[in-house]
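*Asks:* return a 3D structure for these sequence lines:
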Amino acid sequence: MAIDRVLSSDSGGEQEESFNYALRPKLLGEVIGQQNVKEKLSIAIQAAKKRGEPLEHMLFYGPPGLGKTTLANVVANEMDAAIKTSSGPALTKQGDVMGLLSNVNTGDILFIDEIHRLSAPVEEFIYPAMEDFKVDFTVDSGLHAKTINFPLKRFTLIGATTRAGLLSAPLRGRFGMMSHLEFYNEDELKEILIRSAELLKLECLDDSLGMIASRSRGTPRVANRLLKRVRDYAQVKGEGKLTADIVESSLKMEQIDALGLDELDRSFLRAIIKVYDGGPAGIDAIAATLGEERDTLEDVVEPYLLQTGFLRRTKRGREATQQAYEHLGLIYKKGGTTEPELFDE
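*Replies:* Numbering: from 1, shown residues only. Predicted coordinates:
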C-alpha cells in the first residue's frame, strides 16, 4: 500500500527522476527556499573561486524530497565542475570506490546519495581520500598481495542522507560543511509550482497551484508529483487548464484531503484512536494492526503527522492529539472513548 503512495517523498524511480530533472534549478539564484543553506553555499562558493581552490567536503541531510541531489548539482554548476554520482548501497567494495576516485579531476565533485548506507570497509577506505587525497589500494590477495599508494587529485565529496544519526562519527567529522534541509512553507512550494508550470507550459487559473502547495506536505518532490497527476487529470477530464475544481476533483480521486493526508495517514490515526483508545500504542502494535512495515510507518507516515500536530511520541508509545480527532470527525474524550461526530452535509 505504501509503496505506491502519491504523497510518499521517496523517489519514484528513473522515470520520475528524469521528469524532476527537467524541473530542477541549475544555479543557486534559481533555488527557492532553504535561505540559510543557500547563503552558506554562496559564501563558500565565492570564497573557493577567489582562492582558486576546490570546495571543502559537504554533507546535506534532512527528510527525502527536499532537494539534496538538486543542491549537489547546483554546486557543481556554480563551480563549473563535473559531477560523478553514486549511492551508498551501490559501493559495496573498495574497487567500486577506486573506480570513481581514479576518474576525478581537480575540482570535480563526487556525490554519494544515501551515504549512511556505506559499508564499514568502504567507509574506512574513503577516510584518507577525504583527508589526504590519497588511498592505499590492495592488489591481489594472499602471498601475492601488495598495497599501492595511489595519489588523488583534489576533489569535493558531497554526501546526502536522510539519517545523519546513522553516520559514524569519524565520517561525519570529515565534512567541512553540514547543512540541514528544512521542510518548505506553502508560499515557497507555490513558487516552485509556478516555476514548474511555466516550464511545462501549463496554464493555471484561480489559486489552483496554491491548493496543490497546501497539500504537498512541505516537500517539492511531492508538489511536482501532484502537479503531474493534476495535469493528467486536466487533460482528460478538463480542457488542459488547471482550475480549482480540477485540482479538487483530481486530489479527491487520489484520496488526499485538504491538509495533505492520504488514506494511510488516516488509517494510522484511526487505528490509534479506535483500536487503542487514542494511545499510547507501540509502533509494532500499530504496524501489525495496519499490516504495514514498522519502517514504513516511522519513515513515511509519522514525520508529517508529527509536523502537523496530529501525533505525539511518548516513552509509552504513540498518542493521537485532539486535532487528529477533530480532523477525522470524532469527539475527543480524554482517556479514550470516541463517537462519530454528526456534521450537516
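
*Asks:* rest of the way, CA atoms for contacts and neighbours
*Replies:* Will do.

*Asks:* can you give me the domain assignment for this structure?
*Replies:* Residue ranges for the domains of the chain, per automatic domain parsing: 34-180, 186-253, 263-327.

*Asks:* contacts for the host helix or strand of D96 next, please.
*Replies:* Assessed by DSSP states H and E, D96 sits inside helix 94-101. Helix 94-101 is contacted by residues 84, 91, 121-122, 125-126, 137, 152 when judged by C-alpha atoms under 8 Å, 6 or more residues apart in numbering.

*Asks:* any chance of those in JSON lines, plus pLDDT?
*Replies:* JSON lines is the format used below for the contacts of helix 94-101 (pLDDT from 0 to 100):
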{"residue": "K84", "pLDDT": "90"}
{"residue": "L91", "pLDDT": "87"}
{"residue": "P121", "pLDDT": "85"}
{"residue": "V122", "pLDDT": "87"}
{"residue": "F125", "pLDDT": "85"}
{"residue": "I126", "pLDDT": "87"}
{"residue": "F137", "pLDDT": "70"}
{"residue": "L152", "pLDDT": "84"}
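
*Asks:* what subset of the residues you listed is buried?
*Replies:* 84, 91, 122, 125-126, 152 (16 or more other C-alpha atoms under 10 Å).

*Asks:* how far off centre is the helix holding D96?
*Replies:* 26 Å (C-alpha atoms, centre = their mean, to the nearest Å).

*Asks:* hey, C-alpha coordinates of that helix in CSV?
*Replies:* What follows is helix 94-101, C-alpha atoms only, in CSV (Å, rounded to 0.1, in the frame of the first residue of the first chain):
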residue,chain,number,x,y,z
GLN,A,94,36.9,-0.8,-2.3
GLY,A,95,37.2,-1.4,-6.0
ASP,A,96,33.9,0.3,-6.7
VAL,A,97,35.2,3.5,-4.9
MET,A,98,38.6,3.2,-6.6
GLY,A,99,36.9,3.3,-10.0
LEU,A,100,35.2,6.6,-9.1
LEU,A,101,38.2,8.2,-7.4
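
*Asks:* show the subsequent helix or strand relative to it.
*Replies:* Per DSSP H and E, the helix or strand that comes after helix 94-101 is strand 109-113.

*Asks:* quick check: angle from that following strand to helix 94-101?
*Replies:* 140 degrees (axes from the mean of the first three to the mean of the last three C-alpha atoms, to 10 degrees).

*Asks:* if I look at the residue positioned nearest the centre of the chain, how far off is R163?
*Replies:* Nearest to the mean C-alpha position of the chain, counting by C-alpha atoms, centre = their mean, stands P64 at 1.3 Å. Distance, P64 to R163, by C-alpha to C-alpha, to the nearest Å: 10 Å.

*Asks:* G173: which of the contacts of helix 94-101 is nearest?
*Replies:* I126 (12.8 Å; C-alpha to C-alpha).

*Asks:* backbone phi and psi for the closest one, please?
*Replies:* I126 adopts backbone torsions of phi -80, psi -30, taken as degrees, to the nearest 10.

*Asks:* just the ones of the buried ones among the contacts of helix 94-101 in strands?
*Replies:* K84 (DSSP state E).

*Asks:* can you pull the buried residues of the helix holding D96?
*Replies:* So, applying 16+ other C-alpha under 10 Å, buried residues of helix 94-101: 94, 97-98, 101.

*Asks:* what does stretch 110-123 give?
*Replies:* Under 16+ other C-alpha under 10 Å, the buried positions of stretch 110-123 are 110-119, 122-123.

*Asks:* just stretch 126-138 next, same as before
*Replies:* So, applying 16+ other C-alpha under 10 Å, buried residues of stretch 126-138: 126-127, 129-130, 133-136.

*Asks:* which of the residues you listed sit farthest apart?
*Replies:* Pairwise over those, using C-alpha to C-alpha, the maximum falls at M130 and D136, 12.7 Å.

*Asks:* need the contact list for T289.
*Replies:* Contacts of T289 (C-alpha under 8 Å, 6+ apart): A271.

*Asks:* element containing it?
*Replies:* Short version, using DSSP H and E: T289 is in helix 283-290.

*Asks:* how close does Q255 get to D206?
*Replies:* The value you get for Q255 to D206, if C-alpha to C-alpha is used, is 22 Å.

*Asks:* in terms of packing, which of the two has more residues around it?
*Replies:* Q255 (15 against 11; other C-alpha atoms under 10 Å).

*Asks:* wouldn't the more buried one be in contact with D262 here?
*Replies:* Yes - counting by C-alpha atoms under 8 Å, Q255 does reach D262; the two are 5.6 Å apart.

*Asks:* on that earlier part again, most packed of the domains of the chain?
*Replies:* For the domains of the chain, average neighbour numbers computed from mean count of other C-alpha atoms under 10 Å are highest in domain 186-253, which has a mean of 19.

*Asks:* wait, what's in contact with the residue nearest to L167 when sequence neighbours are not counted?
*Replies:* The shortest distance from L167 to any residue other than its chain neighbours is 5.1 Å, reached at H116 (C-alpha to C-alpha, 6 or more residues apart in numbering). The neighbours of H116, taking C-alpha under 8 Å, 6+ apart as the test, are 88, 161, 163-164, 166-167.

*Asks:* at 10 Å instead, please
*Replies:* 87-89, 123, 159-168, 171-172 (C-alpha atoms under 10 Å, 6 or more residues apart in numbering).

*Asks:* that one and A169: what is the separation?
*Replies:* Counting by C-alpha to C-alpha, the gap from H116 to A169 is 11 Å.
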